[in-house]
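> this is a predicted model, with the sequence first.
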Amino acid sequence: MVDPDIIIEWITKADEDFEFARINFEEEKPFFSQICFHFNQSAEKYLKAYIMMIHPKPDNRSAFSAYPGIFEDYEKGTISAVI
């Protein structure tokens, strides 16, 4: 089982990336590619935290590479989406 503190850490890091990107986007900073990068990083970290909660498997790789069958599981209906 994954330590809940690790999940909280991933969410905290995702929040930081998201806030950094949001603030710079709203202030119309000229760093569009860097802002997009941080939005992307936040999305991957939120996804990794979610996946670790529903399908615990300790791993520090990318959320996508750590769970290669996750999308197939979703299509089969064996996991559900959070809305």
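Now that the structure is in, tell me what you want to look at.
> okay, CA-based contacts and neighbour counts for the rest of this
Will do.
> any idea which helix or strand in the protein has the lowest mean pLDDT?
Here the helix or strand of the chain ranked lowest by mean pLDDT, DSSP states H and E is helix 63-66, holding a mean of 55.
> below-threshold pLDDT in this protein: ranges please.
1, 56-83 (pLDDT under 70).
> tell me where it has helices.
4-26, 32-54, 63-66, 70-76 (DSSP state H).
> make JSON lines out of those helices and add mean neighbour count.
Below are those laid out as JSON lines (neighbours: other C-alpha atoms under 10 Å):
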{"stretch": "helix 4-26", "mean neighbour count": "16"}
{"stretch": "helix 32-54", "mean neighbour count": "18"}
{"stretch": "helix 63-66", "mean neighbour count": "15"}
{"stretch": "helix 70-76", "mean neighbour count": "12"}
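> quick check: Phe18 touching Cys36?
No - judged on C-alpha atoms under 8 Å, Phe18 makes no contact with Cys36 at a distance of 9.8 Å.
> many thanks, I have nothing further to ask.
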